[in-house]
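Novice: Generate coordinates for the sequence data below:
(chains A, B, C and D)
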Protein chains: 2
Amino acid sequence: MLEFAVLGLLAESPLHGYELRKRLNSMLGTLRAFSYGSLYPTLRRMQARGWVTADDDSGRSGRSKVVYSLTAEGKERFAELLDEAGPSAWEDETFSVHFSFFAQTDPEARLRILEGRRTRLEEKRERFRGAATRTRQRVDRYTLELQRHGLESVDREVRWLNELIETERAEKTPRTTNAPAPRAAEDEQHSPP
Amino acid sequence: MLEFAVLGLLAESPLHGYELRKRLNSMLGTLRAFSYGSLYPTLRRMQARGWVTADDDSGRSGRSKVVYSLTAEGKERFAELLDEAGPSAWEDETFSVHFSFFAQTDPEARLRILEGRRTRLEEKRERFRGAATRTRQRVDRYTLELQRHGLESVDREVRWLNELIETERAEKTPRTTNAPAPRAAEDEQHSPP
DNA sequence: TTCGTCATGTAATGGGTTACATGATTAC
DNA sequence: GTAATCATGTAACCCATTACATGACGAA
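Specialist: Purely as a prediction, here's the structure:
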């Protein structure tokens, strides 16, 4: 995860650790704050694997600054991860990182990830609703309220994903096209408006 | 965290591991799913510390079932944690667990936790907004959209907390009372309706 | 008889945090 | 001169996951 994010940021431009961390944390908005204790060891590991190079940039000032850049292998690895779009990409935080790099992601992969995420959330919701009704426990109002709020959050994200998916699809087919509209039925499986 | 949750569930009634896990996961709604790999070792640790006892309940059937119950120390420890309401209680997941046990929590502690959580979210939001405006990076629309959605989520939770806090306060002072209304000014610090 | 789910656990590993240690540079 | 923030790192620890191993019970 950290690794993936670092690859993505370095793919844009070389950076040193401190700056990298700031970007990392602003990139993921409110949901994460990596510490140096994980960042620097990660950079080392990546260096050992040949994904990044560490160049000492003590150019003008005597201040030590280590600038990390992606190697060719690093870029390759990043491209690989971008395209994976597998189950790991639907998880909360991994999804966010993937989403951050959507501008660099293949449109097909984007759709796969968005849809995968949506399906995952819907499964989660159903599993939860099921459990809640089966085991009709006498839960107090606080627990109930927490669950209600949780479900509402999930619903909200699903709606958000629906909009994004629509947008993505619209861009893929900019209104002309007599293309065979593959698997069009799937469109109706999810939360009809 | 797991420990705290386990203490709380066992405070209601003795349970065996399997059932405990189910309750745990339904309690936390959509946001967590503990595995046995963490549950059982935790139960062992708690047993070693004298917080729970493990009784073999192979009563009617030969099927092995280990029923865990809270000891007096366990109850004490739980009460302690309930009352802590410190900074750790404002963190995402810890907050959820605390909230789940609000029915058993002192009204004052409830308010402290809700307000602490709100302040924490507001700080997070401000820090983030600040960072976003200071470093005016040319971020692509996806990154922007992710951030927008993130901020909206935070706003939504703050509004939710506001309602909960209002309710808590209203219940504390059921309309009579000429009490000195301590620090009433603070009420206006947060997101006016 | 086979499938789902109940039931208990372990070993290896992962992916991070906290706290610490150090020091240069910039702004007031 | 002093506080904030830039800048790099390490060591100890924590809390959990994944994958594995095992097996009984009930329902179809």
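
Novice: CA only for contacts and neighbour counts going forward, please
Specialist: Noted.

Novice: quick one: buried residues of the biggest helix by length in chain A?
Specialist: Using DSSP state H, we find that the single longest helix of chain A is helix A:141-172. Using 16 or more other Cα atoms under 10 Å in any protein chain shown as the test for burial, helix A:141-172 gives A:143-144, A:146-147, A:149-151, A:153-155, A:157-159, A:161-162, A:164-165, A:168.

Novice: quick one: the lowest-mean-pLDDT helix or strand in chain A near DNA strand D?
Specialist: Lowest mean confidence among the helices and strands of chain A (mean pLDDT, DSSP states H and E): helix A:107-134, at a mean of 85. No - Helix A:107-134 is not in contact with DNA strand D by Cα under 7 Å from any atom of the strand; minimum separation 13.6 Å.

Novice: so that helix versus helix A:141-172, what angle?
Specialist: 160 degrees (axes from the mean of the first three to the mean of the last three Cα atoms, to 10 degrees).

Novice: what's helix A:107-134 packed up against?
Specialist: When contacts are defined as 3 or more Cα pairs under 8 Å, 6 or more residues apart in numbering or on different chains; DSSP states H and E, helix A:107-134 packs onto helix A:72-84, helix A:141-172, helix B:17-27.

Novice: what packs against the second one?
Specialist: The contact analysis (3+ Cα pairs under 8 Å, 6+ apart) places helix A:141-172 against helix A:107-134, helix B:92-100.

Novice: Could you dump those helices into JSON lines and include mean neighbour count?
Specialist: Output for the helices and strands packed on helix A:141-172, formatted as JSON lines (neighbours: other Cα atoms under 10 Å in any protein chain shown):
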{"stretch": "helix A:107-134", "mean neighbour count": "17"}
{"stretch": "helix B:92-100", "mean neighbour count": "20"}
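
Novice: nearest to DNA strand C, of those?
Specialist: helix A:107-134 (10.0 Å; Cα to the nearest atom of the strand).

Novice: Let me see the mean pLDDT of stretch A:42-62.
Specialist: Taken as a whole, stretch A:42-62 has a mean pLDDT of 85.

Novice: Now do that stretch: distance to the chain's middle.
Specialist: Relative to the centre of its chain, stretch A:42-62 is centred 25 Å away, using Cα atoms, centre = their mean, to the nearest Å.

Novice: residues in contact with that stretch?
Specialist: Applying Cα atoms under 8 Å, 6 or more residues apart in numbering or on different chains, the contact partners of stretch A:42-62 are A:2-3, A:64-75, A:77.

Novice: Apply 7 Å and report the result again.
Specialist: The contact list for stretch A:42-62 (Cα atoms under 7 Å, 6 or more residues apart in numbering or on different chains) reads A:3, A:64-71, A:73-74.

Novice: So which of those residues reach DNA strand C?
Specialist: A:Glu3.

Novice: What parts of chain A come near DNA strand D?
Specialist: Proximity of chain A to DNA strand D, by Cα under 7 Å from any atom of the strand, involves residues A:16-19, A:36-38, A:40-41, A:64-67.

Novice: buried subset of those residues?
Specialist: Buried among these by 16+ other Cα under 10 Å: A:16-17, A:65-67.

Novice: Quick one: the contacts of stretch A:42-62 as JSON lines, columns for secondary structure too.
Specialist: Putting these into JSON lines (DSSP: H, G, I helix; E, B strand; the rest coil) gives the following:
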{"residue": "A:Glu3", "secondary structure": "helix"}
{"residue": "A:Ser64", "secondary structure": "coil"}
{"residue": "A:Lys65", "secondary structure": "coil"}
{"residue": "A:Val66", "secondary structure": "strand"}
{"residue": "A:Val67", "secondary structure": "strand"}
{"residue": "A:Tyr68", "secondary structure": "strand"}
{"residue": "A:Ser69", "secondary structure": "strand"}
{"residue": "A:Leu70", "secondary structure": "strand"}
{"residue": "A:Thr71", "secondary structure": "coil"}
{"residue": "A:Glu73", "secondary structure": "helix"}
{"residue": "A:Gly74", "secondary structure": "helix"}
